[in-house]
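K.L.:
make a model of this:
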Amino acid sequence: MKMRKFIWKALLVTVLAIPPAIHGVSPLAPTSAAQAASLSKIGDLSAFRTIAADSLALLDKGDLAGARTRIKDLEMSWDSAEPSLKPRDAAVWHKIDKAIDRALAALRAAAPDLAVCKQSLTDLLAIMDAEGKA
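P.N.:
Just a heads-up that it's a prediction; the model follows:
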C-alpha cells in the first residue's frame, strides 16, 4: 500500500513538472513575490505571474523563441480567465491586461529589442506584485 501511494505521488510530481520543465524553469520553487502577487482584488495571480517570470528567465538566458512561446501561454490563460477576473475589479484587470499587451507586443515585434522585452516583463511583474499587495 505504501508503494502505491509513493508511485502516485511520484507520478503527480512528474506530471506537474512537465510543462514548465519544457521551458527550463522549475515549478517547485515559488518566489516570495509570486506568493505576494497571488491574492489581488481580481483573484489569484500566481499562475500568471509564474508564466511572466518564466518568460523573463528565458530572455535572461537569451532564448527569445522560448520566451515568445511561453508568453503565448500567458496570453491564452489570461484571456480564458477574463470572465472570472474582470468582473471583480475591471480597473485592475485592465491595468494588468495592458501590461500583458505591452509585453506581447515587445516580444512579437518584427525586430525585438531585448532590453525593451525585458523591461516590459519586469514592469508586468511589478504591476502584478503591486496589485497583490493592494
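K.L.:
and stretch 61-69, what's buried?
P.N.:
63, 66-68 (16 or more other CB atoms under 10 Å). C-betas here are computed from N, CA, C, even on glycine.
K.L.:
quick one: contacts of it?
P.N.:
For stretch 61-69, contacts defined as CB atoms under 8 Å, 6 or more residues apart in numbering pick out 23-24, 55-56, 58-59, 107-108, 112, 114, 117.
K.L.:
for stretch 91-108, same thing?
P.N.:
Taking contacts as CB under 8 Å, 6+ apart, the residues outside stretch 91-108 that touch it are 40-42, 45, 48, 52, 55, 64, 67-68, 71, 74-75, 78, 82, 85-86, 112-113, 116-117, 119-121, 123-124, 127-128, 131, 134.
K.L.:
distance from the chain centre to it, please.
P.N.:
Going by CA atoms, centre = their mean, to the nearest Å, the spacing between the C-alpha centre of stretch 91-108 and its chain's C-alpha centre is 12 Å.
K.L.:
no further questions, thank you.
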